[in-house]
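Enquirer: The following block contains a protein sequence and its predicted model.
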Amino acid sequence: GADMPVVISLCNACTGMAVGFEGFVLNHPALMIAGTVVGAAGSLLTLLMARAMNRSLGNILFSNFGEIGAEQAEATGSLKPISAEDAAATLCYARKVIFVPGYGLAAAHAQQKLYELAKRLQEEGADVKFAIHPVAGRMPGHMDVLLAEAGVPYEMIVGLDDINPEFPMTDVALVVGANDIVNPAARTDKGSPIYGMPILDVDKARQVYVIKRGQGKGYAGVENPLFTAENCHMVYGDAQAVLAQMLQSIKELVGQH
């Protein structure tokens with residue numbers, strides 16, 4: 001599921017090298033320098049992202065990723081839908097909240113609403129952070145760019161290695177459109193195609209809410225046992241609309257008190 005950003009990064013590196021070779025053909029120093037810099041930076045980013053997934057570049061490019069083998073464990077339990085208003089009630093009284101953005105956030109253009117919700121929770125005294133997986137989204141740095149566009153302060157954005165120890169002490173983890181990067185099968189199921197990929201330990205939070213447009217699988221096409229876990233509830237709908245409902249519900253709850 002996280003292969004796409006790595007492949008895109010590799011393509012960017014190839015375009016840089018193509019420009020560099022064009023510079024050699026045309027004997028144009030500026031093209032040679034620019035192409036070499038872009039190609040080198042893209043290649044380095046590609047290798048770093050592959051390392052962040054705990055997989056080799058060759059495995060990403062040539063393996064049958066996404067094919068579900070017979071040994072993959074089946075998800076047990078059932079999905080537990082909940083309304084945006086009920087989820088907002090829990091968020092309103094949470095002291096520590098971690099947001100986990102994914103591609104669904106980008107598809108719904110909901111980054112601004114997510115930051116508005118974060119600011120509102122901070123006004124109520126909550127400690128709010130954004131957990132970023134190195135390969136979340138569909139391109140390198142996708143989530144970082146979206147949050148920067150929304151004006152999220154840099155100190156609120158925390159990488160995988162730094163944020164994972166905080167999940168067990170977190171009251172609510174709100175997953176917005178992410179799937180494979182929060183799939184605990186990567187830690188426990190050796191038959192899963194994503195086994196060994198570092199993930200965000202969202203399942204260790206006291207309460208997890210997942211905003212999804214539907215019940216479809218992630219980009220990797222594998223089941224996510226997080227969604228059927230006892231501490232997880234699903235909030236179905238477009239991310240921007242759901243976040244707007246949550247924000248409105250919190251305002252009403254605060255107004256009543």
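Expert: Thanks, I have it. Numbers count the residues shown, from 1 in each chain.
Enquirer: Every contact and neighbour count from this point should use C-alpha atoms.
Expert: Noted.
Enquirer: Does residue 128 touch residue 120 like I think?
Expert: No: in this structure, residue 128 is not within contact of residue 120 by C-alpha atoms under 8 Å, at 10.0 Å.
Enquirer: quick one: the strands in the stretch 101-250 of the chain?
Expert: Under the criterion DSSP state E, counting those that start in this stretch, the stretch 101-250 of the chain contains strands at 127-132, 157-159, 172-176, 207-212, 232-236.
Enquirer: just those strands: most buried one?
Expert: Compared across the strands of the stretch 101-250 of the chain, strand 172-176 shows the largest average neighbour count, a mean of 26 (mean count of other C-alpha atoms under 10 Å).
Enquirer: Count the residues that sit near residue 252.
Expert: Other residues near residue 252 number 12, with proximity taken as other C-alpha atoms under 10 Å.
Enquirer: What segments of the stretch 151-257 of the chain are helices?
Expert: 160-163, 185-188, 239-256 (DSSP state H, counting those that start in this stretch).
Enquirer: And those helices, which one averages the lowest pLDDT?
Expert: Across those, helix 185-188 has the smallest mean pLDDT, namely a mean of 86.
Enquirer: re earlier: dump the helices of the stretch 151-257 of the chain to a markdown table, plus distance to residue 133.
Expert: As requested, the helices of the stretch 151-257 of the chain are arranged in a markdown table below (distance: least, C-alpha to C-alpha, whole Å):
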| stretch | distance to residue 133 |
| --- | --- |
| helix 160-163 | 5 |
| helix 185-188 | 14 |
| helix 239-256 | 19 |
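Enquirer: Quick one: closest of the ones you listed to residue 115.
Expert: helix 239-256 (9.8 Å; C-alpha to C-alpha).
Enquirer: Could you pull out the buried residues of that closest one?
Expert: Within helix 239-256, the residues scored as buried using 16 or more other C-alpha atoms under 10 Å are 239-240, 242-247, 249-250.
Enquirer: mind checking which of the strands of the stretch 101-250 of the chain is nearest residue 138?
Expert: That would be strand 127-132 among the strands of the stretch 101-250 of the chain, by C-alpha to C-alpha, at 13.3 Å.
Enquirer: average pLDDT for the closest one?
Expert: Rounded mean pLDDT across strand 127-132 is 96.
Enquirer: strands paired with it, and their directions?
Expert: Strand 127-132 pairs in its sheet with strand 96-101 (parallel), strand 157-159 (parallel), by DSSP bridges.
Enquirer: so the closest residue in space to residue 6 that isn't next to it in sequence is in which element?
Expert: Nearest residue to residue 6, sequence neighbours excluded (C-alpha to C-alpha, 6 or more residues apart in numbering): residue 46, at 5.6 Å. Per DSSP states H and E: residue 46 is located in helix 29-52.
Enquirer: Could you identify the helix or strand that succeeds that helix?
Expert: Following helix 29-52 in sequence, per DSSP H and E, is helix 57-62.
Enquirer: on contacts alone, who are the packing partners of that following helix?
Expert: With contacts taken as 3 or more C-alpha pairs under 8 Å, 6 or more residues apart in numbering; DSSP states H and E, helix 57-62 sits against helix 29-52.
Enquirer: now for the helix it packs on, which elements pack on it?
Expert: Secondary-structure packing of helix 29-52 (3+ C-alpha pairs under 8 Å, 6+ apart): helix 3-26, helix 57-62.
Enquirer: So which of these is nearest residue 176?
Expert: helix 3-26 (18.3 Å).
Enquirer: what's next to that closest one, contact-wise?
Expert: Taking contacts as C-alpha atoms under 8 Å, 6 or more residues apart in numbering, the residues outside helix 3-26 that touch it are 29-43, 45-46, 49-50, 60-61, 135-140.
Enquirer: change it to 7 Å
Expert: Helix 3-26 is contacted by residues 29, 31-36, 38-40, 42-43, 45-46, 49-50, 60, 135, 138-140 when judged by C-alpha atoms under 7 Å, 6 or more residues apart in numbering.
Enquirer: Just the buried ones from those, in PyMOL syntax?
Expert: To isolate the buried subset of the contacts of helix 3-26 in PyMOL, counting by 16+ other C-alpha under 10 Å, use the following:
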select buried, resi 31+32+33+34+35+36+38+39+40+42+43+45+46+49+50+60+135+138+139+140
